[in-house]
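Asks: This is a predicted model, with the sequence first.
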Amino acid sequence: MKLIKIEPNCLEATWPYVVEFIKKPLKRTQGERSLNDIYQELLSDYLQLWVGVNEEDGILGICITQLIIYPQYKVLAMPYIGTKPHTIHKWFDYGMSEDSPIIKFARELGVKKLEGYARDGWLKFTPKYDFKKYTTVITREL
């Protein structure tokens with residue numbers, strides 16, 4: 001598998017191939033961002049788009065990252081991960097490995113922690129990469 005960071009100047013050409021992968025996790029949010037918001041934030045490099053591909057499956061999925069700078073340390077958040085059905089394990093096996101471009105990118109930025117927002121079904125894949133469940137988010141409309 002290859003994990004490719006899509007630079008902002010390549011986004012327009014890549015977008016049609018990845019937009020469905022982005023819509024999938026976007027449906028599970030609270031509406032804090034629209035699809036157009038994500039596109040604009042990718043163009044400005046506020047968010048970063050990573051595309052996972054391999055020869056037999058083509059595009060396996062996407063990961064969108066966001067650098068968060070807290071007063072005490074930096075976090076690379078992964079607010080949106082969308083994959084083909086039953087391929088999340090392939091994404092984790094490469095995307096979170098020590099030689100993954102995402103991990104290298106995080107280290108280059110001086111990131112102390114990775115932060116992912118995943119549904120509970122993914123928890124079975126996360127301990128292998130030292131992720132721990134930190135919290136469950138519940139919300140209420142007012």
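Replies: Okay, I see it. What you see is a predicted model; the values in this text were computed from it and never measured.
Asks: could you measure Thr29 against Leu35, distance?
Replies: 11 Å (CB to CB, to the nearest Å). All C-beta atoms are positioned from the backbone trio N, CA, C, and that covers glycine.
Asks: try Lys84
Replies: Counting by CB to CB - Lys84 and Leu35 are separated by 19 Å.
Asks: Neighbour count for the two, which is higher?
Replies: Lys84 (17 against 12; other CB atoms under 10 Å).
Asks: Can you give me the neighbour number for the residue nearest to that one when sequence neighbours are not counted?
Replies: Spatial nearest neighbour of Lys84, chain neighbours left out: Leu60 (5.7 Å); criterion: CB to CB, 6 or more residues apart in numbering. Look at Leu60: counted by other CB under 10 Å, it has 23 neighbours.
Asks: Quick check: which ranges of this structure have low pLDDT?
Replies: By pLDDT under 70, the low-scoring segments of the chain are 119, 122, 135-142.
Asks: Identify the residue nearest the geometric centre of the protein.
Replies: What sits nearest the mean C-alpha location of the chain, by CA atoms, centre = their mean, is Cys63, with 2.7 Å.
Asks: what comes up buried for the host helix or strand of that one?
Replies: Per DSSP states H and E, Cys63 falls inside strand 58-69. For strand 58-69, the neighbour count (16 or more other CB atoms under 10 Å) marks 59-65, 67 as buried.
Asks: Could you do stretch 127-135 as well?
Replies: 129, 131.
Asks: what about that stretch, distance to the chain center?
Replies: With CA atoms, centre = their mean, to the nearest Å as the basis, stretch 127-135 stands 15 Å off its chain's centre.
Asks: what ranges do the strands span in this protein?
Replies: For the chain, the strands defined by DSSP state E cover 2-6, 47-54, 58-69, 74-83, 111-116.
Asks: Nothing else from me, thank you.
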